[in-house]
Each structure stands twice: as C-alpha cells, then as structure tokens.
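Peer 1: have a look at this fold, sequence not included:
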C-alpha cells in the first residue's frame, strides 16, 4: 500500500505543478470577478457583453471544477490508502490502483492541454 500512497503523492505534486503552469489562481480570480459582474443589477443591460461574460464564466467554471474534482479524487485515494494500510481486514488495493490509473490518464490529458496552449 505504501507504493500506492507514494504514487498518489507524486500525482498530487504533478497536479500542483500543472495548476501553477496553467495559471490556476489567475483563473480562479477571474472567475470570481466575472461572477461579481454578473451579480450586478444592471449586468444584462448590455446583452452582448453579458453573454460574453456568462460564456467565459461558464468555461472557467468547467475548467476549475475539473481541477477540483481531480484534487478531490487524489485526496480520497490518499485517505483511503492510508486507512487501508492501517486496517488489514479488507484491502481496497485493486480499486485504488484503478483510480490512480484513471487519475493518471486525466492528468496526462491536462499536460497535453498545457503543451498545446504554449
């Protein structure tokens, strides 16, 4: 189980590096700014601008949600693997290995996204 914990920790480091390279914090800030604009009472007075802002907000929300989901899945793997390591009555190793493979594929796709955006 120690090897799975180590693999998950390495994936977590890759996620953090990618988030930095993909300007995750800037996207989070931009998303909050756009939502603040959309909450303004006169937001829809300029329909074309409002639609563009709403579209950008939706794209950012989808992107950020994907990263949050990936982070949550990694945290779940780490937590379950740690618990499973302490309790030898039942092993969840096959499920954890499968989840790590899925996370690796998602992360690889995000790395390609980074390469293509440069």
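Peer 2: Structure received. Fair warning: this is a prediction, and the values are worked out from it, not measured in the lab.
Peer 1: got the phi and psi for residue 25?
Peer 2: With angles defined as degrees, to the nearest 10, residue 25 sits at phi -60, psi -40.
Peer 1: distance of it from residue 43?
Peer 2: Going from residue 25 to residue 43 by Cβ to Cβ, to the nearest Å gives 25 Å. Backbone N, C-alpha and C define where each C-beta goes, glycine included.
Peer 1: more neighbours: those two, which one.
Peer 2: Shown here are residue 25 and residue 43; by other Cβ atoms under 10 Å, residue 43 has more neighbours (15 against 10).
Peer 1: so the more buried one sits against residue 34, correct?
Peer 2: No - Residue 43 sits out of contact with residue 34 when judged by Cβ atoms under 8 Å, with a separation of 10.3 Å.
Peer 1: shared neighbours of the two, anything?
Peer 2: residue 53 (Cβ atoms under 8 Å, 6 or more residues apart in numbering).
Peer 1: quick one, helices of the chain?
Peer 2: Secondary structure of the chain by DSSP state H: the helices cover 2-21, 24-38, 47-86, 93-117.
Peer 1: pLDDT weak spots in this structure?
Peer 2: When residues are selected by pLDDT under 70, those of the chain lie in 88, 90, 118.
Peer 1: residue farthest from the centroid of it?
Peer 2: Distance from the C-alpha centroid of the chain, by Cα atoms, centre = their mean, peaks at residue 45 (33.8 Å).
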